[in-house]
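> using only what follows, build the 3D model:
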Amino acid sequence: MSDYLIVGGGIYGCAVAWQLAKRGASTRLLEARTIASGASGGLGERGVRANGRDLRELPLMRMAYPLWQRLREDIGGETGYRRLGHLRLIERETDLARAPAQVWLQNRQGIHSQLLDADKLRELEPKLSDKVIAAIYCPSDGVADHSQTTRSMATAAQAAGADIIEGARVIKMQLDKGRVRGVTAEVASEQADFPVEQQLVLLSNAHIADFVRHHLAVQLPIWRILPQVLALEAGEPPPMTRLIGHAHRTLAIKPLPDGRVMISGGWRGRWDEATGRGLPVAEQVEGNRQEALAVYPSLAGLAVDEVYTDRAETVCIDGIPIIDYLPDASNMLVGVGWSGHGWAIAPAVAMLMAEWLLSGQRPDLLKPFAYSRFG
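Numbering: from 1, shown residues only. Below is the predicted model:
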């Protein structure tokens with residue numbers, strides 16, 4: 001029996017379990033498949049990025065930077081964290097006009113940022129297309145291996161005393177007088193009941209919307225997407241050395257440790273009912289590749305090595321997550337709608353969620369993510 005029952009074995013579930021367990025709280029985590037089998041796992045790396053982030057998330061990113069730097073030591077496991085710096089590329093005069101305001105804003109929030117002209121930019125990235133006229137540079141941004149980090153976090157949680165059960169798909173919730181008393185999960189083809197003594201923490205990202213609509217009649221303003229991630233075959237070496245974003249193109253580029261180039265940024269796969277999984281769409285793959293070639297022409301000789309669209313993510317209507325208790329379930333804390341960029345702030349958010357669960361007081365930094373913001 002555990003005081004805190006967490007549903008979802010991605011980075012958020014594992015990190016909150018670790019934060020609670022190391023503070024001595026009795027904690028159990030249920031994962032429907034295996035740790036990091038959803039959006040917290042898969043091909044390549046994830047950005048640890050402040051550059052271009054929503055204003056409401058910048059304080060969380062400022063808090064997350066030092067946590068990422070010491071995370072490997074803190075959890076006693078590999079994270080693959082590398083501080084590469086992030087460049088938000090600019091090709092249009094309209095985007096250049098607003099760039100000084102973005103730089104000012106980020107610096108005001110403690111995120112070291114600078115606007116680079118074409119000459120300064122090419123000192124850092126000489127193989128960029130001539131069409132790129134400037135960039136906003138955040139030297140403290142970087143990347144981490146999301147699969148490795150999530151699994152290391154789960155191991156750390158277990159070492160601290162958390163009970164993690166894989167292959168436990170939560171299908172029901174027992175409510176009594178506005179409190180969750182327990183959940184029912186399918187485990188090894190049988191149903192098992194798990195009581196909730198204190199708090200239920202619902203962090204199963206792709207599962208939450210349908211679950212709370214069914215049990216609480218609460219409609220969350222989120223929807224499910226299948227982000228596309230592709231890797232180009234290894235070059236010698238990759239033409240970029242930093243994490244790359246763009247002011248108007250649907251594009252993110254990362255040089256991977258194995259010499260390949262990861263390309264993503266917002267292109268999508270499609271859901272296939274026959275196979276029950278996300279499948280790549282040829283036009284989306286080629287569109288993503290062409291966006292990358294537009295800023296790094298030297299990528300033209302590299303073939304697509306792998307493509308994946310099987311890791312579902314959820315997007316919130318205003319582009320930031322919902323982190324809150326929901327109506328009619330006073331002891332169920334929910335985190336959902338990470339909108340494709342929740343990874344970087346995970347160490348900070350998990351720490352704050354654990355503090356909230358243990359103290360009963362919502363941290364100020366989480367107030368902008370309340371469900372009540374929608375009215």
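> for the stretch 51-200 of the chain, which segments are assigned as strands?
86-90, 114-117, 134-138, 142-144, 163-166, 168-176, 179-187, 190-195, 199-202 (DSSP state E, counting those that start in this stretch).
> so the third one versus strand 86-90, what angle?
Read it as strand 134-138. 160 degrees (axes from the mean of the first three to the mean of the last three C-alpha atoms, to 10 degrees).
> which strands or helices does strand 134-138 pack on?
For strand 134-138, the packing partners by 3 or more C-beta pairs under 8 Å, 6 or more residues apart in numbering; DSSP states H and E come out as strand 86-90, helix 93-108, strand 114-117, helix 118-124. Where C-beta positions appear, they are placed from N, C-alpha and C, glycine not excepted.
> outside of the last one, which residues touch it?
Translated: helix 118-124. With contact meaning C-beta atoms under 8 Å, 6 or more residues apart in numbering, helix 118-124 is reached by 85, 87, 116, 128, 132-135, 137, 241-242.
> what distance do you get for Leu87 to Arg23?
Leu87 sits at a distance of 39 Å from Arg23 (criterion: C-beta to C-beta, to the nearest Å).
> between these two, which has more neighbouring residues?
A side-by-side neighbour count of Leu87 and Arg23, using other C-beta atoms under 10 Å, places Leu87 first with 29 against 13.
> tell me the contacts of the more buried one?
Here Leu87 is in contact with 51, 116, 121, 124-125, 135-137, 242-245 (criterion: C-beta under 8 Å, 6+ apart).
> could you check the pLDDT of the nearest residue to it once chain neighbours are set aside?
Computed as C-beta to C-beta, 6 or more residues apart in numbering, the closest residue to Leu87 that is not its neighbour in sequence is Ala135, at 4.4 Å. Looking at Ala135, its pLDDT reads 98.
> quick one: buried residues of the lengthiest helix in the chain?
In the chain, with assignment by DSSP state H, the single longest helix is helix 58-75. Of the residues in helix 58-75, 58-65, 67-68, 71-72, 75 count as buried by neighbour count, 16 or more other C-beta atoms under 10 Å.
> can I get the CA coordinates of it in CSV?
The C-alpha coordinates for helix 58-75 follow below in CSV (Å, rounded to 0.1, in the frame of the first residue of the first chain):
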residue,chain,number,x,y,z
LEU,A,58,11.1,30.6,-18.8
PRO,A,59,11.3,30.6,-15.0
LEU,A,60,11.0,26.9,-15.0
MET,A,61,13.8,26.6,-17.6
ARG,A,62,16.0,28.9,-15.5
MET,A,63,15.4,26.5,-12.6
ALA,A,64,16.0,23.5,-14.7
TYR,A,65,19.4,24.4,-16.1
PRO,A,66,21.4,23.6,-12.9
LEU,A,67,19.3,20.6,-12.3
TRP,A,68,20.3,19.1,-15.7
GLN,A,69,23.9,19.9,-15.0
ARG,A,70,24.0,17.8,-11.9
LEU,A,71,21.3,15.2,-12.7
ARG,A,72,23.7,12.4,-13.7
GLU,A,73,25.3,12.7,-10.3
ASP,A,74,22.1,13.1,-8.4
ILE,A,75,20.3,10.0,-9.9
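> could you list every helix and strand in contact with that helix?
If contacts are counted by 3+ C-beta pairs under 8 Å, 6+ apart, helix 58-75 sits against helix 146-159, helix 346-359.
> drop anything exposed from the contacts of helix 118-124.
Neighbour-count burial (16+ other C-beta under 10 Å) applied to those gives 87, 116, 128, 132, 134-135, 137, 242.
> which residues in the stretch 251-375 of the chain form helices?
Secondary structure of the stretch 251-375 of the chain (DSSP state H, counting those that start in this stretch): helices located at 282-295, 346-359.
> which of these sits most buried?
With neighbours defined as mean count of other C-beta atoms under 10 Å, the helices of the stretch 251-375 of the chain peak in mean count at helix 346-359, which reaches a mean of 22.
> next, the angle helix 146-159 makes with that helix.
Using the same axes, to 10 degrees: helix 346-359 against helix 146-159 is 30 degrees.
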